[in-house]
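Engineer: Okay, predicted coordinates and the sequence, questions at the end:
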Amino acid sequence: MSSAEPPVHSEVATLYADHHGWLQGWLRRKLGDVHQAADLAQDTFMRLLTREEPVQAREPRAFLTTVAQRVLANHYRRQQLERAYLEALAQVPQATAISPEERALLLEALDEIDRMLDGLPPSVRRAFLMAQLDGMKQTEIAQALGLSLTTVKRYLLQAGMRCFFAVAP
């Protein structure tokens with residue numbers, strides 16, 4: 001280990017050497033797909049490498065299972081988002097279809113927006129998405145959700161602030 005390398009890297013290297021095979025097998029049983037299991041096992045260890053605090057796992061497999069379950073939840077959320085996007089795309093006339101590169105960038109942006117809004121109440125998220133994606137006016141959102149205009153404005157401000165501070169330096 002070099003002197004510039006954070007201590008967490010050596011901890012993760014040890015976890016990887018000792019438990020990568022086990023974690024990949026656990027994920028393979030959950031997913032039924034060896035390739036996705038390999039990808040998500042790597043994602044799990046990458047998530048650990050980005051940590052700033054030491055791992056210090058007394059029960060390494062339980063710890064890895066917890067981290068992998070979060071990675072798996074993000075995977076399922078992204079799949080759900082992609083399915084919804086593909087369903088919406090199927091509604092668009094073929095002449096306005098986008099390239100695979102544009103599609104990948106759009107899915108990445110949608111995933112980022114979803115992460116920024118994560119933790120907000122569903123009604124706040126829904127109001128924000130109605131305004132941003134559907135182009136609905138505040139009065140239309142209030143009527144569609146059965147809320148007051150003041151509540152819709154508060155919801156949009158709350159979600160907007162969440163997005164702003166998520167991307168602010």
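Structural biologist: All right, it came through fine.
Engineer: residue ranges of the strands in the chain, please?
Structural biologist: Remark: no strands are assigned in the chain by DSSP state E.
Engineer: Tell me how many other residues surround His75.
Structural biologist: 17 (other C-beta atoms under 10 Å). Just so you know, the C-beta spots here come from the backbone N, C-alpha and C atoms, and that holds for glycine as well.
Engineer: Check the gap between the nearest residue to it once chain neighbours are set aside and Ala17 for me.
Structural biologist: What sits nearest to His75 in space, not counting adjacent residues and going by C-beta to C-beta, 6 or more residues apart in numbering, is Leu40, at 6.0 Å. Separation of Leu40 from Ala17 (C-beta to C-beta, to the nearest Å): 18 Å.
Engineer: Show me which of the two is the more surrounded one.
Structural biologist: Applying other C-beta under 10 Å to Leu40 and Ala17 shows that Leu40 carries more neighbours, namely 21 against 9.
Engineer: Roughly how far does that one sit from Gln24?
Structural biologist: According to C-beta to C-beta, Leu40 stands 8 Å off from Gln24.
Engineer: Give me the below-cutoff pLDDT ranges for this structure.
Structural biologist: Counting by pLDDT under 70, the chain has low-confidence residues at 1-8, 94-97, 167-169.
Engineer: Which strands or helices does the longest helix anywhere in the chain pack on?
Structural biologist: Assignment by DSSP state H gives helix 60-90 as the longest helix of the chain. Using 3 or more C-beta pairs under 8 Å, 6 or more residues apart in numbering; DSSP states H and E, the elements in contact with helix 60-90 are helix 7-31, helix 34-49, helix 100-117.
Engineer: Which positions in that helix come out as buried?
Structural biologist: Pro60, Phe63, Leu64, Thr65, Val67, Ala68, Val71, Leu72, Asn74, His75, Arg78 (16 or more other C-beta atoms under 10 Å).
Engineer: ok, now stretch 107-119?
Structural biologist: Leu110, Asp111, Ile113, Asp114, Met116, Leu117.
Engineer: again, but for stretch 11-29
Structural biologist: Glu11, Val12, Leu15, Tyr16, His19, His20, Leu23, Gln24, Trp26, Leu27, Arg28.
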